[in-house]
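[1] here is my input; please provide its structure:
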Amino acid sequence: MNVSYTNAFFRGDTMTEQNDEKADLFFAGPVLIIAWGPEKGWPIKYVSKNVQDILGYTSEEMVAPNFSYEDLIHPEDLQRIEGESSEKLKSKKDTYELFYRIKTKRGNYRWFYDYSKVDRDSSGKLKQIRGYLVDQTPLIETRNYLKLEKQRLSDTLEAGNIGTWEWNIQTGEVLYFENLTKISGFQLEDLLPLSLENWKKFVHPEDLPQVEAEIQRVVNKEQKNYALEIRRKHKEGHWVWIEEKGKVIRWTEKGDPLLMRGVYIDITKRKNIEKELRQAKKEAETANQAKSTFLANMSHEIRTPMNGIIGFLELLSDTEMSQQQRSYLENVQNASKNLMNILNDILDLSKIESNKMALESIPFDIRKTMEFAIGMFYQQAKMKGLELHMNLDQSLPQFVKGDPTRLHQVLANLISNGIKFTEQGEVVLRAKGEVDNEGDTIIVIIDVQDTGIGIKETDFDKLYQTFSQIDQSHTRLYGGTGLGLKITKTLVELMDGEIEVKSDYDKGSIFTVRLPFDSARNPLEKTVKKNKRDKKEGREEIFEKPKVLVAEDQELNQEIMMELLEKKGVHCDVADNGAEAVDRLKDEPYDLILMDCQMPVMDGYEATKRIREMELDQPEIVAMSAYAMKEDEEKCRAAGMDGYLSKPIDLKRLENLIERIQNQKENSLQARKMESDSDKITSEKSKAVDNKRRKTNKSHGHKNRNEKRKGIIGYLKKLLE
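    Numbering: from 1, shown residues only. Predicted coordinates:
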């Protein structure tokens with residue numbers, strides 16, 4: 001660096017061409033030099049050559065006669081600059097500082113810091129002013145950005161009712177910042193001294209232990225931050241809910257927490273809303289429970305007489321009657337089934353709304369399920385002159401794992417709807433299977449297509465609404481509750497499936513259901529093999545009907561159950577209440593008790609508990625109840641019952657129950673027979689043992705018992721194969 005030159009330059013010595021070159025080298029960096037005269041317009045007398053890099057002008061352009069420095073200064077800054085310069089010059093100071101915007105050749109303005117040096121002649125007259133300018137635009141933009149961000153943060157904190165705080169963990173000093181006054185009502189001077197101990201005085205006593213525990217965990221370095229919801233005292237005396245969050249931001253040299261910063265948020269409104277929601281939820285649950293109780297009672301009151309009606313109609317159908325009488329009977333049976341369908345739909349809707357609809361996951365024959373579903377409607381379709389077809393693709397597996405009952409319900413609803421809204425043509429059920437990428441899940445695709453009245457596209461959103469049909473005139477023409485499709489859609493979604501509809505108005509509709517099922521084997525495969533093996537080995541079949549006790553207080557239902565059971569060749573006894581059932585079991589063993597839940601003197605729940613406490617060969621107890629909700633079945637099982645039959649009694653389920661009890665009894669008898677045969681063999685071997693070997697009887701007896709046990713276990717294993 002040429003120091004002598006630099007000093008001369010700052011002194012304002014006369015510049016030579018050589019000096020100009022040195023100056024350009026010295027000031028080629030971020031410092032821009034402009035020298036201008038005091039004449040009107042502030043003509044520029046000199047400018048460093050780095051001006052082009054900074055302002056875009058060449059030095060030749062700026063020193064031209066028609067170019068004035070005044071024209072470059074921002075109009076909003078010019079008057080201020082003129083005034084400040086005038087004041088500085090009057091004070092006879094040689095240097096002064098200014099801050100203003102200069103226009104670049106591109107037309108935009110940039111902020112500059114100007115360190116000005118005043119040059120005077122020997123008489124003291126002003127010759128020129130030399131400015132040493134540094135571009136401050138990036139700094140100004142950063143400052144403006146930070147100022148804007150600070151304002152945004154302040155606005156956000158105020159809008160969110162949020163305050164900030166700082167806590168020196170080592171000294172205990174606490175500092176509060178924005179919004180504390182608004183949240184707590186206290187001024188900062190009201191909170192003096194600003195310490196942790198004083199801060200605790202404003203915390204609700206019930207919340208203080210939790211706060212102290214969190215603070216201690218931070219001090220012990222177990223955690224770096226915490227979040228709590230606590231109550232703070234308001235100046236007016238009430239409590240304000242605060243969400244407080246803090247984080248350690250600085251540590252001591254030893255690694256101990258030093259400084260923590262955090263926020264406090266007023267959540268009083270949220271807490272009040274949550275309280276209101278809890279109360280509303282409680283009221284809704286109470287109302288829902290009242291509705292469930294009403295539906296359960298309604299179910300009981302309707303199902304009890306319906307059990308008698310449907311039961312006697314079933315018995316009547318097996319008697320001889322004229323063709324006209326048979327027609328009357330079928331009409332009454334259909335009407336009874338329709339009534340039960342409506343009742344079941346209402347109960348299903350109640351289960352869905354209360355999230356109590358449970359699904360099974362068992363292996364079943366999906367093809368037979370579909371055949372059974374469509375078979376239910378052949379007669380109905382025939383009476384309307386419709387064709388009813390089923391097409392099951394080869395890709396549809398025989399067995400899957402899922403809920404066959406709910407699948408049947410979905411199919412029945414869709415097929416029933418198709419027949420109901422079709423006056424001529426056909427209803428077709430199609431199904432195929434697709435294997436997912438992993439190969440464990442079968443996607444079953446079901447189409448139910450009809451040639452009925454169709455649906456307008458604008459009415460699609462009404463399809464799945466509760467108690468709704470697209471055209472109210474259809475309610476009068478076709479009937480129905482408007483629940484079928486709502487229940488169908490919900491069941492499909494519960495099974496993780498999808499349902500969609502395509503329809504042409506006046507031409508027909510296609511409902512498509514996609515349901516995932518796990519792959520499964522034939523659940524009866526082992527039973528079939530066992531039966532074949534039993535026949536091959538020529539085993540003697542032991543047959544004995546189970547002994548059944550019916551505990552039922554309604555005389556009509558007693559008569560029906562006796563008739564239905566005796567029709568299957570099963571003799572049964574009757575108890576009028578739970579207490580009588582308990583007494584009967586003391587005198588006589590039973591294989592099965594069909595237990596009504598609601599009876600006088602002693603109900604079925606208490607009777608079951610008493611029976612389970614008795615020391616005897618425990619019978620299977622199956623509930624018979626006109627209550628058909630899921631929680632009713634759970635209550636029965638909790639009391640010790642093994643199964644559940646809802647009224648009206650499903651004859652097929654009753655037959656399956658009797659058959660299962662009978663099979664269990666047969667297996668038990670066969671096991672006892674094997675044990676008896678084994679005992680005979682053991683006895684004969686014992687008689688043949690020589691007296692000289694009596695000393696080893698104990699070990700031989702032990703060996704014989706092992707042989708007998710192995711024989712029984714082997715036989716039971718074969719039964720279970």
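[2] ok, residue 633 - contacts?
    Contacts for residue 633 were tallied using C-beta atoms under 8 Å, 6 or more residues apart in numbering; they are 623, 644. For every residue, glycine as well, the C-beta is placed using N, CA and C.
[3] quick check: mean pLDDT of the strand or helix carrying it?
    Assessed by DSSP states H and E, residue 633 sits inside helix 630-639. In this model, helix 630-639 has a mean pLDDT of 80.
[4] buried ones in stretch 419-428?
    419-422, 426-428 (16 or more other C-beta atoms under 10 Å).
[5] for the residues you listed, which one is nearest residue 460?
    residue 421 (14.9 Å; C-beta to C-beta).
[6] before we move on, back to that, and after the helix holding residue 633, which helix or strand comes next?
    strand 643-646.
[7] so for that following strand, what's the average pLDDT?
    Mean predicted lDDT for strand 643-646 stands at 82.
[8] picking up where we left off before, what's the farthest-apart pair in the buried residues of stretch 419-428?
    420 and 428 (15.4 Å).
[9] residue 84 - how many residues pack around it?
    17 (other C-beta atoms under 10 Å).
[10] ok so, going back, for the helix holding residue 633, list the C-alpha coordinates in CSV.
    In CSV, the C-alpha atoms belonging to helix 630-639 read as follows (Å, rounded to 0.1, in the frame of the first residue of the first chain):
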residue,chain,number,x,y,z
LYS,A,630,-74.2,-58.1,21.5
GLU,A,631,-73.8,-57.0,25.1
ASP,A,632,-76.7,-59.3,26.0
GLU,A,633,-74.7,-62.3,24.7
GLU,A,634,-71.6,-61.0,26.5
LYS,A,635,-73.6,-60.8,29.7
CYS,A,636,-74.7,-64.4,29.3
ARG,A,637,-71.2,-65.7,28.7
ALA,A,638,-69.9,-63.7,31.7
ALA,A,639,-72.5,-65.5,33.9
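[11] buried residues, it. List them.
    Neighbour counts over helix 630-639 (16+ other C-beta under 10 Å) mark 632-633, 635-636, 639 as buried.
[12] same check on stretch 138-155?
    So for stretch 138-155, counting by 16+ other C-beta under 10 Å, buried means residue 140.
[13] now for residue 547: which residues touch it?
    Residue 547 touches 571-573, 588-592, counting by C-beta under 8 Å, 6+ apart.
[14] what angle do the lengthiest helix in the chain and helix 630-639 make?
    For the chain, the longest helix by residue count, based on DSSP state H, is helix 268-317. If you take axes from the mean of the first three to the mean of the last three C-alpha atoms, to 10 degrees, helix 268-317 sits at 80 degrees to helix 630-639.
[15] how does this protein divide into domains?
    3-135, 150-266, 358-522, 542-663, 670-720 (automatic domain parsing).
[16] can you count the residues close to residue 40?
    8.
[17] a helix runs through it, doesn't it?
    No. Assigned with DSSP: H, G, I helix; E, B strand; the rest coil, residue 40 falls outside any helix and is coil.
[18] hmm, back to that, so which of the contacts of residue 547 wins on neighbours?
    Busiest of the contacts of residue 547 [other C-beta under 10 Å] is residue 592, holding 26 neighbours.
[19] beta partners for that one?
    residue 548, residue 620 (DSSP bridges).
[20] so what's it up against?
    Counting by C-beta under 8 Å, 6+ apart, residue 592 has contacts 546-549, 619-622, 657-658, 661.
[21] same list (the residues you listed) but as JSON lines, adding distance to residue 391 and pLDDT.
    Shown next, in JSON lines, are those (distance: C-beta to C-beta, whole Å; pLDDT from 0 to 100):
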{"residue": "546", "distance to residue 391": "43", "pLDDT": "81"}
{"residue": "547", "distance to residue 391": "48", "pLDDT": "85"}
{"residue": "548", "distance to residue 391": "44", "pLDDT": "91"}
{"residue": "549", "distance to residue 391": "48", "pLDDT": "93"}
{"residue": "619", "distance to residue 391": "47", "pLDDT": "89"}
{"residue": "620", "distance to residue 391": "42", "pLDDT": "90"}
{"residue": "621", "distance to residue 391": "45", "pLDDT": "92"}
{"residue": "622", "distance to residue 391": "39", "pLDDT": "91"}
{"residue": "657", "distance to residue 391": "35", "pLDDT": "82"}
{"residue": "658", "distance to residue 391": "37", "pLDDT": "81"}
{"residue": "661", "distance to residue 391": "40", "pLDDT": "78"}
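[22] narrow those residues to those that are buried.
    546-549, 619-622, 657-658, 661.
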